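J.: Show me the folded form of this:
(one chain, ligands or ions: 1)
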Amino acid sequence: MNKYAALILLLAALACGRDNQARIVELLAQFKQDAARHGVAVDLRTTSARLVDSFHDGRVGQCNLDTRGVELLRRWWVRASNACQEQLLYHELGHCILDRTHLSGYQGPQGFPTSIMRRSVFNCDVYMHYRAYYLRELFRFKE
Ligand SMILES: [Zn+2]
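T.: Prediction:
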C-alpha cells in the first residue's frame, strides 16, 4: 500500500468515526424529543453514549449504571440498520435514563415482543412498523 492509499484509509476511518458519533448524537436528541412527546422530560447532560471495541460477554450494548453512560459495540453498530441502531440505543437509554429493567414476553401487537426492554434486539422491521406502540410502552410504562 502506498502512503496515499494509507492516508485515504485513515481519513475514511476518521470520517466513519465522526459519522458514527454524529448518528449517536442525532439519536440522543431524537430520544429526548420522543420522550417529550410522551410527557417525559429527559436531561441529556447527565447521559452519554459511545462506541466500545468489546464487551466481556456476547452483548452488543450496555448501560453503565455508575456513569449513566451507554456503551455500544462498535462492530455491531457500524453494520446495523438505522432502525436497529435506534432500537438498541433506546433500549440502553431505557436502563440509563428511564430506570427500566428487562421485560420479556410476547404481549405486543400481533404477538410480537412486549417491549424493546427485552434482553435482545428483535426484528427491526417489526420494531419500525409498530414503533408508536413500542415508544408508548417504553415511555409510559409506569402508567
Ligand atoms: Zn438491557
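
J.: ok, the closest residue to R100 other than its chain neighbours - how many residues close by?
T.: Sequence neighbours aside, G94 is the residue nearest to R100 in space, at 4.0 Å (criterion: C-beta to C-beta, 6 or more residues apart in numbering). C-betas here are computed from N, CA, C, even on glycine. Look at G94: counted by other C-beta atoms under 10 Å, it has 23 neighbours.

J.: Distance of G94 relative to F31?
T.: Remark: distance between G94 and F31 (C-beta to C-beta, to the nearest Å) = 10 Å.

J.: What of L89?
T.: In terms of C-beta to C-beta, L89 sits 7 Å off from F31.

J.: Repeat that for L44.
T.: Applying C-beta to C-beta to L44 and F31 gives a distance of 8 Å.

J.: Could you check which of the two is surrounded by more residues?
T.: Taking L44 and F31 together and counting by other C-beta under 10 Å, F31 has the greater number of neighbours (25 against 15).

J.: which SSE is that one in?
T.: Using DSSP states H and E, the secondary-structure element containing F31 is helix 3-37.

J.: Downstream of that helix, the next helix or strand is which one?
T.: Reading on from helix 3-37 to the C-terminus, the next helix or strand found by DSSP H and E is strand 48-52.

J.: quick one: contacts of the following helix or strand past that following strand?
T.: Moving toward the C-terminus from strand 48-52, the first helix or strand encountered (DSSP H and E) is strand 61-64. Among residues not part of strand 61-64, those counted as contacts by C-beta atoms under 8 Å, 6 or more residues apart in numbering are 55, 69-73, 76, 88-89, 91-93, 95-96.

J.: what does stretch 117-127 give?
T.: Around stretch 117-127, the neighbours that count as contacts under C-beta under 8 Å, 6+ apart are 60, 80-81, 83-84, 86-88, 91, 94, 100-105, 112-113, 116, 134, 138.

J.: how does it look with 10 Å?
T.: Where contact means C-beta atoms under 10 Å, 6 or more residues apart in numbering, the residues beyond stretch 117-127 that reach it are 58-61, 76, 80-88, 90-91, 94-95, 98, 100-106, 108-110, 112-113, 115-116, 129, 133-135, 137-138, 141.
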